[in-house]
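Q: the following block contains a protein sequence and its predicted model.
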Amino acid sequence: MLVAAAVCPCPPLLVPEVAAGAAPELDAARAACADALGVLAAARPDLLAVVGPAEETGTCPEGTPGSFRGFGVDVAVRLGASATSAPGAPRAEPQGVLPPSLAVAAWLLERTGWSDAPIEGLGIAEPTTAERCIQTGRELAARAGRVALLVMGDASACRTLKAPGYLDERAAPFDASVARALGSADVPALQELDIALARELQASGRAPWQVLAGAAEAADLAAALLYEDAPYGVGYLVATWS
């Protein structure tokens, strides 16, 4: 059953080495993410599932490596501690690497010293239907007695003329509606997000948010919106459900 969730943005710019001289501009977002992860730790979950956008849908077991070399910096991360079957047993390296969104999640978890529960990652491809996302969330919530979710994803990328997707007047209202839903644990609103509009606005968080909506159907959680802004013309939201 879902007992807590944290929603965070996933730009590699959250990593100061990637942001370089612009790093201070996201200090407030980093602080909000750290606070959100604190809510997950306080929930004392049996399992932490990390969900984020990816080119292809697929799982990433605990210990899967990732890096930000593709963004010009030699920073490596790993999704939690790589588990072994017994003390002293050979460590089996997971196959593959983390998609960027889960690499950001791994960086956040390392930064906050997460060691409270086993971790698994799940990348969700953008074309995934709402129905599939919701069902995936239900399945994740049933994985353990106390499940927490770390949900990675950005809102629209069309808030300003210099945004990655240029200016779209629909972006700000879309982001505001998502912020209201995340800030009030409005499960139906997330389940009914306009997939076509989200795609046009390049909102990478749509599918992960709908996974959260499926996981939270029977959870009756309270929510708080910790951060809402659009630096670089991209909507970044941080919220907690507990």
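A: Yep, it's here.
Q: which non-adjacent residue is nearest the residue positioned nearest the centre of the chain?
A: The residue lying closest to the centre of the chain (CA atoms, centre = their mean) is residue 152, at 1.2 Å. Spatial nearest neighbour of residue 152, chain neighbours left out: residue 52 (3.5 Å); criterion: CB to CB, 6 or more residues apart in numbering. Bear in mind the C-beta positions are built from the backbone N, C-alpha and C, glycine included.
Q: same deal with residue 136?
A: residue 211 (5.2 Å).
Q: what's in contact with the helix or strand harbouring the one you found?
A: Per DSSP states H and E: residue 211 is located in helix 206-215. Contact partners of helix 206-215, identified using CB atoms under 8 Å, 6 or more residues apart in numbering, comprise 2, 5, 7, 51-53, 122, 124-126, 128, 130, 133-138, 140-141, 147, 149, 151-153, 178, 181-182, 187-188, 190-191, 193, 195, 198-199, 241.
Q: check which helices and strands the longest helix anywhere in the chain sits against.
A: In the chain, assigned by DSSP state H, the helix with the most residues is helix 27-42. Packing contacts for helix 27-42, counted by 3 or more CB pairs under 8 Å, 6 or more residues apart in numbering; DSSP states H and E, involve strand 2-8, helix 100-111, strand 147-152, strand 223-229, strand 236-241.
Q: buried set for stretch 169-178?
A: Neighbour counts using 16 or more other CB atoms under 10 Å place 171-172, 174-175, 177-178 of stretch 169-178 among the buried residues.
Q: correction: the previous question concerned stretch 48-65.
A: Buried, per 16+ other CB under 10 Å, within stretch 48-65: 48-54, 57, 60-65.
Q: now the end-to-end length of it.
A: 17 Å (CA to CA, to the nearest Å).
Q: let me see the mean pLDDT of that stretch.
A: The average pLDDT within stretch 48-65 is 97.
Q: cool, stretch 132-139 as well?
A: According to the model, stretch 132-139 has a mean pLDDT of 98.
Q: who touches it?
A: Residues outside stretch 132-139 that contact it (CB under 8 Å, 6+ apart): 122, 124, 191, 207-208, 210-217.
Q: give me the number of residues near residue 131?
A: Residue 131: 11 surrounding residues under other CB atoms under 10 Å.
Q: ok, it - contacts?
A: Shown in contact with residue 131 (CB under 8 Å, 6+ apart): no residues.
Q: you'd agree it is in a helix?
A: Yes - according to DSSP: H, G, I helix; E, B strand; the rest coil, residue 131 belongs to a helix.
Q: heads up, I number from 5, so please use that
A: Renumbered: residue one is now 5, and that last one reads residue 135.
Q: next, count neighbours for the residue nearest to residue 140.
A: By other CB under 10 Å, 30 other residues sit near residue 215.
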